[in-house]
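Peer 1: Just the structure for this:
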Amino acid sequence: MSIDTQFNNDTHSAPEATPANPKNTSLSTLDVLESEAIHIIREVAAEFERPVLLFSGGKDSVTVLHLAAKAFWPAKIPFGLLHVDTGHNFDEIIRFRDETAEKYGLDLTVAKVQDYIDDGRLRERPDGTRNTLQTQPLLDAITGGKFDAVFGGARRDEDKARAKERILSLRDEFGGWNPSSQRPELWNLFNGRHLPGEHVRVFPISNFTELDVWSYIAREGIDLPELYFAHDREVFQRDGMWWATGEFSTPREDETVTTKKVRYRTVGDMSCTGAVESSADDLESILAEVAATTVTERGATRADDRISAAAMEDRKKDGYF
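Peer 2: Okay, the predicted model is just below:
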């Protein structure tokens, strides 16, 4: 669907007039969340000189991109996209990333972990995952691009470290996050002041839940990579997760490869992201599945978050997303 077609068509109907509500003033939860996110995106675009959107091709960054398009439509989104490519991404995600950037007509900056390994600035981890190696390429790309505000799709319900991070999160001159020196955000007033060399991470959908994101995707008709929908795939089980077989994810001698119908709740480095068994191959069945789950998508499918109880917070202090 083209951008013009998507926003010229009504994607949801207005509240219905009733005797108790003659002016159609009620807003749904999704309306409120959308309004808040658009407000944040517009405020940051107006206040900062060089914003950029971290875009992985995952559902959350796709949702933020859609919100940015609505925030400035019919004008073009006034900032570009940034992706840190581990070299271990799913092919479907990279293809979707490139197609989406072209569809919106946005500049796409790609920082590659492989370049850092090739010239010795980074070394492969013994476990083979590159997810934690993204931090230095990310910080260098932010510095090189002189980006002072970096939009991301993180949400508070994903992890306890993200739950206590502000919507506008100040990062120091080394890209680090200090949880004890966060700024208050009363009455939706956001303080973006920062010193030269510092920058701010911005999370417009921080107050969305996973179910809110999927409900919004369904309401807005947002395109997603096919990995999010149930499909047959060769997998093997490790640490209670189904791992896809591939160049960067190979089974050990005692791990049996089988074909399962699976889908991905989150997409990241192929070497640390697991799938879940699922028959949910459309939005309606995904919504029902997510509504019934009791484990967050990162808790269920991300091996890098299982290194320690504070794995996410430790990475964020070093400059991670």
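
Peer 1: okay, CA-based contacts and neighbour counts for the rest of this
Peer 2: Will do.

Peer 1: then the helix or strand containing V235 to CSV, C-alphas only?
Peer 2: Per DSSP states H and E, V235 falls inside strand 231-238. Provided in CSV are the C-alpha atoms of strand 231-238 (Å, rounded to 0.1, in the frame of the first residue of the first chain):
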residue,chain,number,x,y,z
HIS,A,231,5.0,-20.5,9.0
ASP,A,232,6.8,-23.9,8.6
ARG,A,233,10.5,-23.7,9.5
GLU,A,234,13.3,-26.1,10.3
VAL,A,235,14.2,-25.5,14.0
PHE,A,236,15.9,-27.2,17.0
GLN,A,237,15.2,-26.7,20.7
ARG,A,238,17.7,-25.0,23.0
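
Peer 1: What's the first helix or strand after it?
Peer 2: Strand 231-238 is succeeded, C-terminally, by strand 241-244 (DSSP H and E).

Peer 1: What lies in contact with the very next helix or strand once past that following strand?
Peer 2: As assigned by DSSP H and E, the chain's next helix or strand after strand 241-244 is strand 258-263. Contact partners of strand 258-263, identified using Cα atoms under 8 Å, 6 or more residues apart in numbering, comprise 227-236, 275-280.

Peer 1: so what does the next helix or strand after strand 258-263 touch, helix or strand wise?
Peer 2: Downstream of strand 258-263, the next assigned helix or strand under DSSP H and E is strand 276-277. For strand 276-277, the packing partners by 3 or more Cα pairs under 8 Å, 6 or more residues apart in numbering; DSSP states H and E come out as strand 241-244, strand 258-263.

Peer 1: Next secondary structure after strand 276-277?
Peer 2: Next helix or strand after strand 276-277 toward the C-terminus (DSSP H and E): helix 283-292.

Peer 1: hmm, back to that, just the buried ones from the contacts of strand 258-263?
Peer 2: Buried by 16 or more other Cα atoms under 10 Å: 227-231, 233, 235-236, 275-276, 278-280, out of the contacts of strand 258-263.

Peer 1: Next, format these as JSON lines and append distance to L168 and pLDDT.
Peer 2: As requested, the buried ones among the contacts of strand 258-263 are arranged in JSON lines below (distance: Cα to Cα, whole Å; pLDDT from 0 to 100):
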{"residue": "L227", "distance to L168": "30", "pLDDT": "93"}
{"residue": "Y228", "distance to L168": "29", "pLDDT": "94"}
{"residue": "F229", "distance to L168": "32", "pLDDT": "96"}
{"residue": "A230", "distance to L168": "35", "pLDDT": "95"}
{"residue": "H231", "distance to L168": "37", "pLDDT": "95"}
{"residue": "R233", "distance to L168": "39", "pLDDT": "93"}
{"residue": "V235", "distance to L168": "39", "pLDDT": "92"}
{"residue": "F236", "distance to L168": "40", "pLDDT": "92"}
{"residue": "A275", "distance to L168": "31", "pLDDT": "88"}
{"residue": "V276", "distance to L168": "32", "pLDDT": "89"}
{"residue": "S278", "distance to L168": "35", "pLDDT": "92"}
{"residue": "S279", "distance to L168": "38", "pLDDT": "93"}
{"residue": "A280", "distance to L168": "35", "pLDDT": "94"}
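
Peer 1: from these, which is closest to T294?
Peer 2: Set against T294, the nearest of the buried ones among the contacts of strand 258-263 by Cα to Cα is V276 (13.5 Å).
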